[in-house]
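[1] could you look at this predicted model? Sequence included:
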Amino acid sequence: MKTYASSCLSTLLATLASVQVLTGCGPAQPGGGFPERAADVSGSLDLAFSEARARESLGRLRSLSTGVGSLTQVVYRSTEGKRDASGSSPANCMGMSLRASSPHACQMFATAAPVSAAGQPSRTVEASLEATRLSGPAPLAVQFDATGTTSSLAGQHPFHQVRYSFNFGDERGQTWPISGLPKNVQAGGPLAAHVFDQPGTYQVRVRATDLAGGYSERSVNVEVLDPNVVYAGTKTICVSMAGNFSECPDGASRVVMVPNLAALNGRRVLLRRGETFGSIEIAHGSQNVQLGAFGTGAKPRVSRVLVGSIRPPSAAFPQDISVMDLHILLSFEQFGTMSRLLLYRNTFDVPTGDFMVAQVSLAGALDYIVQHHKLAPDQYFQPRELFVVENQLKGSTSLPHMNMVGVGSQFVIMGNDMGTAQQHTLRIYGMNKGFIAHNALRGRSSDGIRHALKVHSGGLGAYNDNYGISGSTWASRQIVIANNRLGDPTDNNSFTGAAAPENNGPDSRQGLEDLVLENNVFHRGPKTNTEFILMGRRMSSRGNTRADGGVPNINQFGNSYKLLPPDWVGPFFTR
């Protein structure tokens, strides 16, 4: 049953009657700016209350006629109305000012929640938990996925309105250097990730809490193997050009030159700290390779690291590759496709010399490879289980490059410090089940028209692991962007970030859906006027702040993506 309520009082009465309510509390009126947090809206209406709290709230709201806080869901619908001098039609909904290139009004859907005892196990939410893998050698990177959680609360969307608390069972007192938050837990959206550094068995738990305060829990066990056992004996190769093998694991092979490509397959290759090496290639078809460091001192210096081939001879694409603790002078490139990549704790120099797309490029050439080489499209899969964790990238505005580009599924970018590039700091061409968290994405470019973070897609299609089915035209879906530092006082761009189509031109028919932007801290530069653009369907913004105490300008860019179908615009959620 749906009832139109003309006042906030009737909204609450309808809520008590457990019906879905469509309300327009407050008249449309001109306004500027784009406040988006619950704190930017006066009043408070909590839709997940016990019967006693409901009676108390009713008493408090009797005298109110406009303005409620805690917006559960906001949608923009075209209406007839007057335009202002700029040609746009301003509207105001509960204190939230909106501008668009076409007339829009703002309405609020408030969904009544069944009464239940807060903090008790719930029959209305059923948690789900999946892991990308349950075993492997340390360091083991795993994404945890609770997007299969279901809810029977009328109108509640589990991705956006259920809150998730992950505990990785790996409490060692560690914190993220950038956000300062503990590494062992993650709270907010339904995706999370962790790197297990020590061997052992870990119980990973998630609690899903619904709007009524009820919760459901699930757990999985992850077994982390000792790499000294997995790569025992000659499965480990220590490399020292100076012949210094102090601290090389017992029984390991000891060589003075990096082995050829074929010799890396199934092995751990450790480079002597403090020494300099050339480029290292991990061949097409390689599996279960760890490339790291041994000894003490500065990280080993390598020119670049290449994974896979730009001319793949077979469908045996690289799998389970870890590259860690290196000082990379130029770039890391993974040309086409692979699965289970961990790029961990590496330092990248300011690039010099030749043109490069990015200092880190993941599947940046996939479309070209499929079109120009002999394998049929259905022999390729989309890159998946990609982890880029705790790397440092120092770019340059003088050479044509980005700090990082990539495309893939089950894609984790976590704890990195990136900034300064000729173009974007971090650009994601397409992302399915993505987690971008605890990073510093600082954003300084050569022309001041780029972003610290840019997420878009290849089109509106459904995602499929098989490239022959979905190609590169799938929409970006199920992404959490959380607890990042975005922007910098030296950022010379006007927009700090965007999760939206690339632009407003002919290629703007790019879909994004089910994205949560939460608890990020934005730092403004001298030209910043917009913190973030959100454009897609089912998009959430919550808990985001500005370092200077101002209100982040998070908006829909005037809803001006002309080729984006109307059903790919909104709803937009905020709390």
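    Perfect, I can see it now. Not measured: the values here are computed from a predicted model.

[2] show me where pLDDT drops low in the chain?
    Scanning the chain with the threshold set as pLDDT under 70 gives 1-120, 353-355, 400, 506-507, 558-560, 575.

[3] rerun that using 80 as the cut-off
    By pLDDT under 80, the low-scoring segments of the chain are 1-122, 262, 351-356, 398-400, 504-507, 558-560, 562, 574-575.

[4] what are the ranges of the helices in the stretch 101-250 of the chain?
    Using DSSP state H, counting those that start in this stretch, the helices of the stretch 101-250 of the chain run over 158-161, 227-230.

[5] these: which one's closest to Leu515?
    helix 158-161 (9.1 Å; C-beta to C-beta). In short, each C-beta sits where N, CA and C put it, glycine included.

[6] list the contacts of the closest one.
    72, 125, 147, 149-151, 189-190, 208, 210-211, 478, 514, 516, 538, 540, 573 (C-beta atoms under 8 Å, 6 or more residues apart in numbering).

[7] now do the strands in the stretch 251-400 of the chain.
    253-255, 268-272, 280-282, 287-294, 301-307, 319-324, 327-334, 339-344, 347-348, 358-362, 384-389, 392-394 (DSSP state E, counting those that start in this stretch).

[8] of these, which is nearest Gly430?
    strand 358-362 (11.1 Å).

[9] which other helices and strands does the closest one contact?
    Strand 358-362 is packed against strand 327-334, strand 384-389, strand 402-414, with contacts defined by 3 or more C-beta pairs under 8 Å, 6 or more residues apart in numbering; DSSP states H and E.

[10] partner strands of it and their direction?
    Paired neighbours of strand 358-362 in the sheet (DSSP bridges): strand 327-334 (parallel), strand 402-414 (parallel).

[11] pick the most deeply packed of these.
    Highest mean neighbour count among these (mean count of other C-beta atoms under 10 Å): strand 402-414, with a mean of 26.

[12] ok so, going back, of the strands paired with strand 358-362, which is nearest Glu385?
    Glu385 lies closest, by C-beta to C-beta, to one member of the strands paired with strand 358-362: strand 402-414, at 4.8 Å.

[13] quick check: next helix or strand after that closest one?
    Per DSSP states H and E, the first helix or strand lying C-terminal to strand 402-414 is strand 417-419.

[14] can you name the next helix or strand after that next one?
    Counting by DSSP H and E, what follows strand 417-419 is strand 426-437.

[15] what's near enough to touch the residue located most distally from the centre of the chain?
    The C-alpha centroid of the chain is most remote from Gly243, which lies 42.9 Å away (C-alpha atoms, centre = their mean). Neighbouring residues of Gly243 by C-beta under 8 Å, 6+ apart: Val256.

[16] and it, how far is that from Lys235?
    From Gly243 across to Lys235, the span is 21 Å (C-beta to C-beta, to the nearest Å).

[17] okay, the strands of the stretch 251-400 of the chain in TSV with distance to Glu171 next?
    As requested, the strands of the stretch 251-400 of the chain are exported to TSV (distance: least, C-beta to C-beta, whole Å):
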stretch	distance to Glu171
strand 253-255	37
strand 268-272	27
strand 280-282	34
strand 287-294	25
strand 301-307	33
strand 319-324	22
strand 327-334	31
strand 339-344	20
strand 347-348	28
strand 358-362	30
strand 384-389	19
strand 392-394	26
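
[18] just tell me which of the ones you listed ends up closest to Leu460.
    strand 384-389 (20.9 Å).

[19] list of residues touching that closest one?
    In contact with strand 384-389 (C-beta under 8 Å, 6+ apart) are residues 132-133, 141, 143, 193, 195, 339-345, 360, 362, 404, 406, 408-416, 465.

[20] tell me the angle it makes with strand 426-437.
    Interaxial angle of strand 384-389 relative to strand 426-437 (axes from the mean of the first three to the mean of the last three C-alpha atoms, to 10 degrees): 80 degrees.

[21] strand partners (parallel or antiparallel) of strand 384-389?
    Strand pairing (DSSP bridges) places strand 384-389 next to strand 339-344 (parallel), strand 402-414 (parallel).

[22] put together TSV for those, with distance to Pro158 on each row.
    Shown next, in TSV, are the strands paired with strand 384-389 (distance: least, C-beta to C-beta, whole Å):
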stretch	distance to Pro158
strand 339-344	27
strand 402-414	19
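
[23] out of those strands, which gets nearest to Gln379?
    It is, among those and with distance given as C-beta to C-beta, strand 339-344, at 14.2 Å.

[24] from Glu275, how far out is the residue farthest from the centre of the chain?
    Gly243 is 10 Å from Glu275, by C-beta to C-beta.

[25] same question for Thr234.
    21 Å.

[26] ok, now Ala363?
    31 Å.

[27] neighbour count winner among the two?
    Ala363 (28 against 19; other C-beta atoms under 10 Å).

[28] for the residue nearest to that one when sequence neighbours are not counted, give its distance to Lys374.
    Counting by C-beta to C-beta, 6 or more residues apart in numbering, Ala363 lies nearest to Pro383, which is 4.3 Å off, once chain neighbours are set aside. Per C-beta to C-beta, Pro383 is found 20 Å from Lys374.

[29] who has more neighbours, those two?
    Neighbour totals were compared for Pro383 and Lys374, and Pro383 leads with 25 against 9 (other C-beta under 10 Å).

[30] out of the helices of the stretch 101-250 of the chain, which is the most enclosed?
    helix 158-161 (a mean of 22).

[31] so what's the residue count around the nearest residue to Leu270 once chain neighbours are set aside?
    Closest residue to Leu270 apart from its sequence neighbours, by C-beta to C-beta, 6+ apart: Phe294 at 4.0 Å. Burial of Phe294 is recorded as 23 neighbouring residues (other C-beta under 10 Å).

[32] and Gly549, by the same measure?
    Using other C-beta under 10 Å, the number of residues around Gly549 comes to 6.

[33] and it, helix, strand or coil?
    Following DSSP: H, G, I helix; E, B strand; the rest coil, Gly549 is assigned to coil.

[34] so who does it touch?
    Contacts of Gly549 by C-beta under 8 Å, 6+ apart: none found.

[35] from here on, count from 4
    Fine by me, first position is 4 from now on; the one you just mentioned is Gly552.

[36] now Thr350, which residues is it bridged with?
    Counting by DSSP bridges, the residues bridging with Thr350 are His330, Gln395.

[37] hmm, it is touching Gln395, no?
    Yes. Counting by C-beta atoms under 8 Å, Gln395 is a contact partner of Thr350 at 4.8 Å.

[38] got the end-to-end distance for stretch 238-251?
    13 Å (C-alpha to C-alpha, to the nearest Å).

[39] report the distance from that stretch to the chain centre.
    Offset of stretch 238-251 from its chain centre (C-alpha atoms, centre = their mean, to the nearest Å): 38 Å.

[40] what comes up buried for that stretch?
    238-243, 247-248, 251 (16 or more other C-beta atoms under 10 Å).

[41] cool, stretch 528-545 as well?
    For stretch 528-545, burial by neighbour count (16+ other C-beta under 10 Å) applies to 528, 531, 533-545.

[42] quick one: which of these is nearest to Ser317?
    Distance to Ser317 across the buried residues of stretch 528-545 (C-beta to C-beta) is lowest for Gly539, with 37.1 Å.

[43] nearest spatial neighbour of that closest one, skipping sequence neighbours?
    Closest to Gly539 by C-beta to C-beta, 6+ apart is Leu515, at 3.4 Å.

[44] correct me, but that neighbour touches Arg480?
    Yes. When contacts are counted by C-beta under 8 Å, Leu515 is listed as touching Arg480 (7.5 Å).

[45] who has more neighbours out of the two?
    The residue with more neighbours, out of Leu515 and Arg480, is Leu515; 27 against 23, by other C-beta under 10 Å.

[46] and that one, what does it touch?
    Counting by C-beta under 8 Å, 6+ apart, Leu515 has contacts 458-460, 478-480, 482, 502-504, 538-540, 542.

[47] quickly list what it is bridged to.
    Beta bridges link Leu515 to Ser479, judged by DSSP bridges.

[48] Gly311 reaches Ser342, doesn't it?
    No. Counting by C-beta under 8 Å, Gly311 sits too far from Ser342 to count as a contact (11.2 Å).
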